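> sequence and predicted structure are below.
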Amino acid sequence: MDLLRSLPIGLYLEQPVTWLHRIDPRVKLAWLMTFLAAPLLANPYWRLSLSGLLVILTLSAAIPLRVWRQQMGWLLTLSVLVFLITAIAPDGLAVKSQPRLPSLCLDANQELITPQLSPLEELKCEDYLPQPTSYKYVLLETSSIQFLPRISVTRRSLDIAIRIGTLVFTLIYSTNLYLLTTAPEEITAGLEDLMSPLKALKIPVTEIVLTLTLALRFIPLVLEEVQNLVRSVRTRAINWQELGVRRSAQVWLIVAEKLLENLLMRAEQIAIAMDVRGFTNPNEHQVQWHQLKLKWRDWLVLASLIPFWLARLTIGGIS
């Protein structure tokens, strides 16, 4: 098990360098905020379109199959499971269903009676009552099928299922795609540039960005410590069945305590290393990893936000 390489989400793809890598991090951040805000109060068709757009962006960037299959596979599975569970769940409307037809026009199974009448017979309500539309609130129901549990899919439950399933996929995968194609230093540099007006309000923007940079750099160290502890537990070939629940919990508490101790030791080592190198104030020890400058492709991608939001306001509608 290699957590540093098999983690399904949140990793940065260094090679190959795609066109998404070359986009300015501030522009990508604007599009990320767009993907997070666009599904709000949108109709189901727009939500499905956003999910399809994310898939198209992944394919157009020529991201290797092994990468996006690993990262998108489990997320699609989760979204589909959430969709299916929500679709067959009760829709939450505490409304007693009543037939729209007179009782004389329905049989014992609430089915419409349509007898064969001769041209001389008079057409009465109890014989036949045509419906103006094909509208049905209950889209699928398996109560009449033997050997199957009662499953009912209504229009409201299907709408909620699409809303939740696409929201889970859009929010998680758009963020993951941003982290996949943007280096941590680019993220912090873009945030510092966007937050620079806050310096006039005496807000320590540089300190905040430095803290974020250290946090992003600390994540691989956390994964490495977890990986080492799990491997150490495996090499001891512990028989968990003989230990029981109580002793197993004690073992994992010891492992968690050791993990916290190792992480605090790593943090102290980083602090000592910064102190030895004379690091006293972030404003005096700034290292510019990336020179942020908008190019023609950045302006093109940024300008595409205008037709996107026009389509959202005209086509996306309100759910």
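Cool, got the structure.
> quick one, helices of the stretch 201-319 of the chain?
205-235, 240-276, 296-303, 305-311 (DSSP state H, counting those that start in this stretch).
> got a list of what the nearest residue to residue 42 once chain neighbours are set aside touches?
Excluding the flanking residues, the one nearest residue 42 by CB to CB, 6 or more residues apart in numbering is residue 316, at 4.4 Å. (Each C-beta comes from the backbone N, C-alpha and C, glycine too.) Residues counted as contacts of residue 316 (CB atoms under 8 Å, 6 or more residues apart in numbering) are 38, 42, 43, 46.
> biggest separation within those residues, which pair?
Between any two of the contacts of residue 316, the greatest separation by CB to CB is 11.6 Å, found for 38 and 43.
> who's more crowded, these two?
Between residue 38 and residue 43, counted using other CB atoms under 10 Å, the more crowded position is residue 38 (21 against 16).
> with mean pLDDT, distance to residue 76 and mean neighbour count added, can I get the helices of the stretch 201-319 of the chain in TSV?
Converted to TSV, the helices of the stretch 201-319 of the chain look like this (pLDDT from 0 to 100; distance: least, CB to CB, whole Å; neighbours: other CB atoms under 10 Å):
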stretch	mean pLDDT	distance to residue 76	mean neighbour count
helix 205-235	80	24	15
helix 240-276	83	31	12
helix 296-303	89	26	13
helix 305-311	91	24	12
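> can you redo these as a markdown table with distance to residue 26?
Below are those laid out as a markdown table (distance: least, CB to CB, whole Å):
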| stretch | distance to residue 26 |
| --- | --- |
| helix 205-235 | 14 |
| helix 240-276 | 27 |
| helix 296-303 | 8 |
| helix 305-311 | 12 |
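> looking at those, which is closest to residue 170?
Closest among the helices of the stretch 201-319 of the chain, using CB to CB: helix 305-311, at 13.9 Å.
> rewinding a little: go through the helices of the stretch 201-319 of the chain and name the closest to residue 165.
helix 305-311 (21.6 Å).
> circling back: what's the closest of the helices of the stretch 201-319 of the chain to residue 90?
With respect to residue 90, and counting by CB to CB, the nearest of these is helix 305-311 at 34.0 Å.
> and that closest one, what does it pack onto?
With contacts taken as 3 or more CB pairs under 8 Å, 6 or more residues apart in numbering; DSSP states H and E, helix 305-311 sits against helix 25-37.
> mind listing what's buried along the helix it packs on?
25, 26, 27, 28, 29, 31, 32, 34, 35 (16 or more other CB atoms under 10 Å).
> how far away is the third one from residue 212?
Read that as residue 27. Distance of residue 27 to residue 212, given as CB to CB, to the nearest Å: 19 Å.
> over to the last one?
When CB to CB is applied, the distance between residue 35 and residue 212 equals 21 Å.
> next secondary structure after the worst-scoring helix or strand of the chain on mean pLDDT?
Taking mean pLDDT, DSSP states H and E as the measure, helix 3-6 is the helix or strand of the chain with the lowest mean score, a mean of 52. Counting by DSSP states H and E, the element after helix 3-6 in chain order, helix or strand, is helix 19-22.
> packing partners for that next one?
So helix 19-22, by 3+ CB pairs under 8 Å, 6+ apart, packs with helix 155-181.
> name the helices or strands packed onto the helix or strand just after the helix it packs on?
Toward the C-terminus, helix 155-181 is succeeded by helix 184-194 as the next helix or strand (DSSP H and E). Applying 3+ CB pairs under 8 Å, 6+ apart, one finds that helix 184-194 contacts helix 25-37, helix 205-235.
> residue 185: which of these is closest?
Nearest of the helices and strands packed on helix 184-194 to residue 185, taken as CB to CB: helix 205-235 at 7.0 Å.
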